[in-house]
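# Generate coordinates for the sequence data below:
(one chain, ligands or ions: 1)
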Amino acid sequence: MKKSIECPYCSEVCALVSDYNDVHLKGKTVSVDFLSYQCDSCEQSFTTTEIDEVNLERIEKACRIWDRKQKISNVLKQKNL
Ligand SMILES: [Zn+2]
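I've put the predicted structure just below:
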């Protein structure tokens, strides 16, 4: 993944940035660190297919962690801990 690419709108250099966003999915709310390219010059932000795939993986991972936490808290409830 490139740290910076040429902006498709103004041809300036855009840096790869990450930003936390809440995602609501199947009754879950997970916080995901999303990657995107941000152009300082024209203030456009955009992603590439590669970055979309990374973001999707991050959502899936966050959902798996959410499931695991939920499972643990259910077990703790049953054991009255
Ligand atoms: Zn630009």
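# make it CA atoms for all contacts and neighbour counts henceforth
OK.
# Check the nearest residue to residue 63 once chain neighbours are set aside and give its pLDDT.
Once flanking residues are discounted, residue 63 sits nearest to residue 30: 6.7 Å by Cα to Cα, 6 or more residues apart in numbering. For residue 30, the model assigns a pLDDT of 94.
# what do you get for residue 70?
94.
# ok, the residue lying closest to residue 13 once chain neighbours are set aside - how many residues close by?
Of all residues not flanking residue 13 in the chain, residue 6 sits nearest, at 4.7 Å (Cα to Cα, 6+ apart). When neighbours are defined as other Cα atoms under 10 Å, residue 6 has 13 of them.
# residues contacting residue 6?
By Cα atoms under 8 Å, 6 or more residues apart in numbering, the residues touching residue 6 are 12, 13, 14.
# ok, now how distant is it from residue 45?
Distance of residue 6 to residue 45, computed by Cα to Cα, to the nearest Å: 12 Å.
# Next, give phi and psi for the residue nearest to residue 13.
Backbone torsions of residue 6, given as degrees, to the nearest 10, read phi -80, psi 130.
# what about it, distance to residue 19?
For residue 6 relative to residue 19 (Cα to Cα), the value is 20 Å.
# In the longest strand seen in the chain, which residues are buried?
Ordering each strand of the chain by length in residues (DSSP state E) puts strand 13-25 first. Within strand 13-25, the residues scored as buried using 16 or more other Cα atoms under 10 Å are 13, 14, 15, 16.
# just stretch 28-41 next, same as before
For stretch 28-41, the neighbour count (16+ other Cα under 10 Å) marks 30, 31, 32, 33, 34, 35, 36, 37, 38, 39 as buried.
# Could you give the bridge partners of the second one?
With DSSP bridges applied, residue 31 shows beta-bridge pairing to residue 22.
# surely it meets residue 20?
Yes - between residue 31 and residue 20 there is a contact at 6.4 Å, judged by Cα atoms under 8 Å.
# so where does residue 58 fall, helix or strand?
helix 49-78 (DSSP states H and E).
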